[in-house]
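Student: Dropping the sequence and predicted coords here.
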Amino acid sequence: MLENEALHKLAEKNNLKNPKFNRLTGGDINDVFLITAEGKKQVVKINNAEKFPGMFAAEKAGLEALQQPNVIDVPSVLGLGKIGNTAYLLLEYKESTAKSSTFWTDFGKQMAALHKTTSKEFGFHQDNYIGSLPQQNNKSTSAADFYISERLEPQLKLAKDKGYELGVTNSFFRNISAIIPDEKPSLIHGDLWGGNYLVNEEGNPCLIDPATAFAPREMDLAMMKLFGGFDNQLFEVYNQEFPLEPGFIERIPLWQLYYLLVHLNLFGVGYKAQVTSILKQFG
């Protein structure tokens, strides 16, 4: 189905009259549009329903989970569906403005509050995606077991299938199992780089595009440090609100390994050196 036809049909399906569409900056997976209808603004994301089955249903579940504790701003989901072979997710539009004077302090407090939201087990009630790659969320009672079986092993297998020889040793898994803190599961965003938050109209942080799970909280913080874009004040305030276990700085590369493996599998050999370096570091 043609993009323009699909957009008008989803507008009709969601009672959006006389809509106007403006393309927004999106990722590599989805096309994103601002819909203006009768003076009201909404955002719609569309993609190929066959290529990314269940992606928007998983994103809806993640956004709703992040919204539930009511500690940080998250766009509300307004609609979910399919028009022919085009899947769509209709979202609340967040008007963006400049950061407030307390933006980074507030962001640190809000992330600490989000991570204090816990569950009996690691995992999530459904699988989802990390970028365009499937992310499994089977339940586990151990932080180390969850990280190894649900995060590292699927990406390592995919990398092997793609022909990357990474030299993973049995001692690597033993070593990381011994140093991963035995903390309760935290509700995490799961893919929190600088492009996955907005500044809302109050000048406060707003989380978008999650890969949500109840997981080791240090994963979010390590991802936030991987590509930059977060002021150090955020991390200082976070640690005051929810102190990290000793050795966090040394563990950062371990958590970043997952995200680097994802980038290796998505974008290619340019990430291999970082991956193999971390494997050797903990091997």
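Tutor: Perfect, I can see it now.

Student: Give me the average confidence score over the lengthiest helix in the chain.
Tutor: As assigned by DSSP state H, the longest helix anywhere in the chain is helix 248-267. The predicted model assigns helix 248-267 a mean pLDDT of 98.

Student: which residues touch residue 129?
Tutor: 52, 55, 58, 59, 135, 211 (C-beta atoms under 8 Å, 6 or more residues apart in numbering). C-beta here means a position set from N, CA and C on the backbone, and glycine is covered the same way.

Student: in the longest helix of the chain, what counts as buried?
Tutor: Residues of helix 248-267 classed as buried: 248, 251-265 (neighbour count, 16 or more other C-beta atoms under 10 Å).

Student: And that helix, how far out from the chain middle?
Tutor: Relative to the centre of its chain, helix 248-267 is centred 14 Å away, using C-alpha atoms, centre = their mean, to the nearest Å.

Student: quick one: the nearest residue to residue 164 once chain neighbours are set aside from residue 167, how far?
Tutor: Of all residues not flanking residue 164 in the chain, residue 272 sits nearest, at 6.2 Å (C-beta to C-beta, 6 or more residues apart in numbering). Noted for residue 272: a distance of 11 Å to residue 167, by C-beta to C-beta, to the nearest Å.

Student: on that earlier part again, with the buried residues of helix 248-267 in mind, which one is nearest to residue 207?
Tutor: Distance to residue 207, by C-beta to C-beta, is smallest for residue 259 among the buried residues of helix 248-267, at 16.6 Å.

Student: Quick check: which element contains the spatially closest residue to the closest one that is not a sequence neighbour?
Tutor: Using C-beta to C-beta, 6+ apart and skipping the chain neighbours, the partner closest in space to residue 259 is residue 223 (5.4 Å). Element membership of residue 223, judged by DSSP states H and E, is helix 218-226.

Student: Please name every helix or strand in contact with that helix.
Tutor: If you count contacts as 3 or more C-beta pairs under 8 Å, 6 or more residues apart in numbering; DSSP states H and E, helix 218-226 packs onto helix 103-115, strand 186-188, helix 232-241, helix 248-267.

Student: Which positions in the shortest one come out as buried?
Tutor: Neighbour-count burial for strand 186-188, counted by 16+ other C-beta under 10 Å, picks out 186, 187, 188.

Student: Equivalent analysis for the third one, please.
Tutor: Within helix 232-241, the residues scored as buried using 16+ other C-beta under 10 Å are 234, 235, 237, 238.
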